[in-house]
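> Got a predicted model here, sequence first, then my questions.
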Amino acid sequence: MRSDNIKKGIAHTPHRGLLMAAGVSRKNMAAPFIGIASSFSDLVPGHIGMRDLERQIEKGIHSAGGQAFIFGVPAVCDGISMGHSGMRYSLPSRDLIADCIETVAEAHQLDGLILLSNCDKITPGMLIAALRLNIPAIIVTAGPMLDGESRCEKLSMIKGSFEAVGKFRSGVIDEKRLLELEEESCPTAGSCQGMYTANTMACLTEVMGMSLPLCATSAAVSSKKRRIAFDSGMQIVDLVRKNICPLDIVDKATLRNAIICDLAMGGSTNSFLHILAIANSGGIDITLKDFEELSHKIHQVVKLDPAAAPTMTDFHKAGGVPALLKTLIDANIGITDRITVCGLKLSEITKDAYIDKSLIHPYNEPFTTKPGLGILYGNIAPNGCVTKISGIDESCYYFEGVAKTFDSEEEAMHVLENDEIKSGDILIIRYEGPKGGPGMREMLAPTSLLVGKGLGTSCALITDGRFSGGTRGVCIGHVCPEAAAGGNIALIKNGDKIVIDIDKRQINLLVSDEELEKRRLSLKPFELKCKSGYLTKYAKNVQDASHGAIVN
């Protein structure tokens, strides 16, 4: 075992003494040392219930003959950090989390890891660490919160709060109703209820075989989640003894399975960034070309909030990830049968899976033959950009409008809040990319305000920043190259005409190449917005979104 490097032999007497000070008995000194990387936090609703799950995992590890050690990693709530400077830290926290886990696991020579996660950047950060370390590991995602309810109206975080702001500002609801929705939209611990980034990544983690069956959809407050946590603790000891590591489970075929499922369930656009980064950490050859290729083939068979009324609670009742996988396996569209951390192959897990076909449609009867996500190219984004097709009304698949440019999210919000945006406008929010932000902020506040004001089908938004998994409407993100790197998005002027064509996967500025070159000559060199601290280091080293915004 790796842990023999700190506990065997006369020379390691001091190490054993320190381990005994931490409570390790002489008998358990011979047990596999399992780290529980916990992202518990009182600040993050998706993580407030993790103290209980830590106990269940710890019980499972010790029941199986292992020695458990809990250590902490940071967690950011994207909802709370949204719409202000704090959002600049969300995406960079992904790489910080991976570095923290690597540091603790290597410094203490742990034999295996349980990675206790839930929200947006924590799960991909933990997957990056798992593949980078390549020691036995299991992800436990803490699970979604229950649906909100008020006056018999089903609520989710996005529709019950972010979009409610727009409804209030446009006079659709009064302040009393706004406060009711605010209080009832997030009723329990757990990740927010829809197919947003947190739940997208939880589902894809299960598809990759890195968490136990039904882990992604089991509610955070359920006894089933507690049992999954215990079973994960038991199983990690078995993986250590068999030396089954993440790169035995996750390869190119595994990640393509994840992309297929992502497209089929209309997941978050952030998943593109994270899958690319996860592939990079494992030395796996996955690029935007894989997303582009598959996005022309895969039908959408699941449609959840924010694109539709059903939530993760409904998805779980309909059979969850095993049901989705069985639907896609039976359709023979390219899902590869892979081993998982539970010791079973995908085909074995899904063999007898229950499927509610009213929510998880048969592949030959999809919600739409369009995939949930798409890659667009054109002179605005020569290296690609991303949109959530599942969140766009079909009447808007071809959209032509006039640019209104903003060099920060705050500038755009000011104009939106003062009702200065009209039908046919395309908001350009730039200098919000990985380097330009820095940190590639999510634009949930402006997109939700557009929808809340009734402009969700008559206006569009284009940014080199990101969108929340809760975003809907004609929203194009991850524009590459970003403005800070001299991308063409920096050259757009107010009044320029733009065409977005979802069917053709194109996004073009109707300005000649000659005119763009003239504009480029007068473009000022970009200067970093921060001069010290973590974000400065991040901005100097981060790659663009088409490479997963990874840090060199």
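The structure has been received and is ready for your questions. Residues are numbered from 1 along each chain as shown.

> Burial check on residue 533, number of neighbours?
Under the neighbour criterion other C-beta atoms under 10 Å, residue 533 is assigned a count of 9. Backbone N, C-alpha and C define where each C-beta goes, glycine included.

> ok, now residue 529?
Applying other C-beta under 10 Å, we find 18 residues neighbouring residue 529.

> now do residue 74
Residue neighbour count, defined by other C-beta under 10 Å, stands at 16 for residue 74.

> Shouldn't residue 476 be within a helix?
No. Counting by DSSP: H, G, I helix; E, B strand; the rest coil, residue 476 is not part of a helix but strand.

> Name whatever forms a beta bridge with it.
On the basis of DSSP bridges, residue 476 is bridged to residue 387, residue 462.

> if I pick it, what's in contact with it?
Contacts were defined as C-beta atoms under 8 Å, 6 or more residues apart in numbering; by that measure residue 476 touches 376, 381, 385, 386, 387, 460, 461, 462, 463, 500, 507.

> need the contact list for the third one.
Residues touching residue 385, when contacts are defined by C-beta under 8 Å, 6+ apart, comprise 375, 376, 377, 462, 476, 477, 478, 479, 480, 507.

> any idea which of those is closest to residue 186?
Minimum distance to residue 186 across these is 24.6 Å, recorded for residue 477 (C-beta to C-beta).

> Setting aside sequence neighbours, what's the nearest residue to that closest one?
Distances taken as C-beta to C-beta, 6 or more residues apart in numbering put residue 467 closest to residue 477, at 4.6 Å, once the chain neighbours are dropped.

> what's around that neighbour, how many residues?
Residues lying near residue 467 (other C-beta under 10 Å) number 28.

> Might one say that it is in contact with residue 373?
No. Contact criterion C-beta atoms under 8 Å: residue 467 and residue 373 do not qualify, at 11.0 Å.

> Tell me which stretches of the stretch 301-450 of the chain form strands.
Using DSSP state E, counting those that start in this stretch, the strands of the stretch 301-450 of the chain run over 374-376, 385-387, 398-406, 425-429.

> Please identify which of those strands is closest to residue 107.
Relative to residue 107, the nearest member of the strands of the stretch 301-450 of the chain by C-beta to C-beta is strand 385-387, separated by 36.9 Å.

> circling back to that earlier point, please identify the most buried of the strands of the stretch 301-450 of the chain.
Highest mean neighbour count among these (mean count of other C-beta atoms under 10 Å): strand 385-387, with a mean of 27.

> returning to that earlier point: which among the strands of the stretch 301-450 of the chain is found nearest to residue 103?
Between the strands of the stretch 301-450 of the chain, strand 385-387 lies closest to residue 103; by C-beta to C-beta that is 31.5 Å.

> circling back to that earlier point, format the contacts of residue 476 as TSV; extra columns: distance to residue 119 and pLDDT.
What follows is the contacts of residue 476, written out as TSV (distance: C-beta to C-beta, whole Å; pLDDT from 0 to 100):
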residue	distance to residue 119	pLDDT
376	28	95
381	28	97
385	25	95
386	20	94
387	23	92
460	28	96
461	24	96
462	26	97
463	22	97
500	30	98
507	30	98
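
> Could you report the distance from the most centrally placed residue in the chain to residue 9?
Closest to where the C-alpha atoms of the chain average out (C-alpha atoms, centre = their mean) is residue 197, at 3.5 Å. Relative to residue 9, residue 197 is positioned 46 Å away (criterion: C-beta to C-beta, to the nearest Å).

> ok so, going back, residue 54: which of the strands of the stretch 301-450 of the chain is closest?
Among those, if distance is taken as C-beta to C-beta, the winner is strand 385-387, at 35.1 Å.

> Report the distance from that closest one to the chain centre.
The chain centre lies 15 Å from the centre of strand 385-387; the measure is C-alpha atoms, centre = their mean, to the nearest Å.

> Same check on stretch 196-215?
When distances are taken as C-alpha atoms, centre = their mean, stretch 196-215 is centred 10 Å away from the chain's centroid.

> now stretch 3-15
The chain centre lies 40 Å from the centre of stretch 3-15; the measure is C-alpha atoms, centre = their mean.

> Please measure how far the first residue of it sits from its last one.
11 Å (C-alpha to C-alpha, to the nearest Å).

> ok, now stretch 282-293?
The stretch stretch 282-293 measures 22 Å between its terminal residues, going by C-alpha to C-alpha.

> where does the nearest residue to residue 47 once chain neighbours are set aside land in three-state SS?
Counting by C-beta to C-beta, 6+ apart, the nearest residue to residue 47 once its immediate chain neighbours are dropped is residue 41, at 4.7 Å. Using three-state DSSP, the secondary structure recorded for residue 41 is coil.

> got a markdown table for the contacts of residue 385, with distance to residue 417 too?
As requested, the contacts of residue 385 are arranged in a markdown table below (distance: C-beta to C-beta, whole Å):
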| residue | distance to residue 417 |
| --- | --- |
| 375 | 32 |
| 376 | 28 |
| 377 | 33 |
| 462 | 20 |
| 476 | 22 |
| 477 | 21 |
| 478 | 25 |
| 479 | 24 |
| 480 | 29 |
| 507 | 27 |
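
> Can you turn the buried part of these into a PyMOL selection?
Per 16 or more other C-beta atoms under 10 Å, the buried members of the contacts of residue 385 correspond to this PyMOL selection:
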select buried, resi 375+376+377+462+476+477+478+479+480+507
